[in-house]
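Q: structure for this input, please:
(3 chains)
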Amino acid sequence: MKFAIQINEGPFTHQAADTAYQFTKAALENGHEIFRVFFYHDGVNNGTMYGVPPVDDRNVQAIWSELAEKHDLDLVVCVAAAQRRGIMDEDEAKRHGKGAANIAPKFRISGLGQLIEAGIQADRLLVFGD
Amino acid sequence: MSVTKKFVYINRKAPYGTVYALESLEVVLIGAAFEQEVQLVFVDDGVYQLTKGQSTQGIGMKNFSKTYAALGDYDVNQIYVDEQSLKDRGLTMDDLQELTYEDEDDDWAEKSSMQLVNREQLAALIGDADVLLNF
Amino acid sequence: MSTLHTVNKSPFERNSLDTCLSLAGSGSSVLLIEDGVAGALKNTAASQSISDAMSKGVKFAVLGEDLSARGLPAERVIDGISVVDYSGFVQLAADHDNVQSWL
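A: Numbering: from 1, shown residues only, chains lettered A, B, ... in the order given. The predicted structure is shown next:
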């Protein structure tokens, strides 16, 4: 099966990003493919590189970057939602005159079309949210 | 794209108290470019998204309710409103905007995009969806 | 087509389980996850609606990891609700034709 994952909420405040992570990990372990993980609404905040949560708990942003690195996952942060909430890559930061990029490794910023395309290309789309 | 899928957007939340109504509408508009089959469902508090006469100056937020009226121009004309949800909230279809589209197969006649549905009909709709988007 | 419905909120917090059950047809499955696992326990105010749905042919499952996290033992889950793990969640998603996430 090819899965598309949509994550609607940010790290820590909701379990969404954690449940999605555990689902994604299990899917990969069971030989399935993850077509794309799309971060929407506050979900874009999973893509910040500046999170320094307490070390005795998981670092939600980091575990996603690591999983993406290990399995070559496509983690996409929605550009419109990111602009509203202040997640930027180098291009966005330059374009909007902001000091620096803050997007975490292995995440990329792109448009809502990536979500629609994921729905079209994947066999199943799951939404994790509030 | 050679694949055509049925995308069903489930809207269950009121506008303005949270961002979901606005940002789900943005997905619908972008999605329109992909020539898929699109159905919008308004159930539970989602029915509040379609009320007439929204005025947001007092809360200092952008009034995006006009966007629903434009959906017909984006070929989004299958809009389902859950009857039970309206009833539970003391609302009727008269409290909602009348969303229409121009039917190109019928000399551009203006037709209603909206249908009142019961739970049985909604269940069938959900069962037939290829992609279910929730916000 | 058969649908996998997921419900992630407690029935005592939100009406998502209620709306889900009013729309889940025979042959579909409902998986309770996150705070939604509260609905899986015996003798709650939600138990009757779950039994009613079961007798209409809706299958139920609950995510074991979320039960454990909340200190809710599997033995106290309604008879007939299977306890699954994340792999089971994946399998349910693969076995059904689509997934409806009730948030």
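
Q: low-confidence stretches in the chain?
A: Reading this off chain A. For chain A, applying pLDDT under 70 flags no range at all.

Q: other chain: chain B
A: B:1-2.

Q: kindly list the longest helix within it.
A: Ranked by residue count, the top helix of chain B under DSSP state H comes out as helix B:20-31.

Q: that helix: which residues count as buried?
A: B:20-28, B:30-31 (16 or more other Cβ atoms under 10 Å in any protein chain shown). All C-beta spots, glycine's among them, are computed from the backbone N, C-alpha and C.

Q: distance to chain A added to the residues you listed, as JSON lines?
A: What follows is the buried residues of helix B:20-31, written out as JSON lines (distance: Cβ to the nearest Cβ, whole Å):
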{"residue": "B:Tyr20", "distance to chain A": "7"}
{"residue": "B:Ala21", "distance to chain A": "11"}
{"residue": "B:Leu22", "distance to chain A": "10"}
{"residue": "B:Glu23", "distance to chain A": "6"}
{"residue": "B:Ser24", "distance to chain A": "9"}
{"residue": "B:Leu25", "distance to chain A": "11"}
{"residue": "B:Glu26", "distance to chain A": "6"}
{"residue": "B:Val27", "distance to chain A": "5"}
{"residue": "B:Val28", "distance to chain A": "10"}
{"residue": "B:Ile30", "distance to chain A": "4"}
{"residue": "B:Gly31", "distance to chain A": "5"}
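
Q: near chain C, which residues of chain B? Just list them.
A: Taking Cβ under 8 Å from any Cβ of the partner chain, the part of chain B that reaches chain C is made up of B:10, B:12, B:43-44, B:84, B:119, B:122-123, B:126-132, B:134-135.

Q: what does chain C put close to chain A?
A: Proximity of chain C to chain A, by Cβ under 8 Å from any Cβ, involves residues C:6, C:8, C:33-35, C:65, C:85-87, C:89-91, C:93-94, C:98-99, C:101, C:103.

Q: try 7 Å this time
A: Neighbours of chain A within chain C, by Cβ under 7 Å from any Cβ of the partner chain: C:33-34, C:86-87, C:89-90, C:93-94, C:99, C:101, C:103.

Q: how about those residues, which pair is most distant?
A: Maximum pairwise distance among the residues of chain C next to chain A (Cβ to Cβ): 22.9 Å, between C:Ser87 and C:Leu103.

Q: the two: which has the busier surroundings?
A: Legend: neighbour count by other Cβ atoms under 10 Å in any protein chain shown for C:Ser87 and C:Leu103, higher for C:Leu103 (24 against 15).

Q: what does the longest helix of chain B contact?
A: A:40-41, A:80-81, A:111-113, A:115-116, B:7, B:9, B:11, B:13, B:15, B:38, B:40, B:49, B:64, B:67, B:74, B:76, B:133, B:135 (Cβ atoms under 7 Å, 6 or more residues apart in numbering or on different chains).

Q: where does pLDDT dip in chain C?
A: Using pLDDT under 70, chain C has no residue that qualifies.

Q: tell me where it has helices.
A: Under DSSP H, chain C gives helices at C:16-23, C:47-55, C:64-69, C:86-95.

Q: ok, now chain A?
A: A:16-29, A:60-71, A:79-85, A:90-95, A:113-121.
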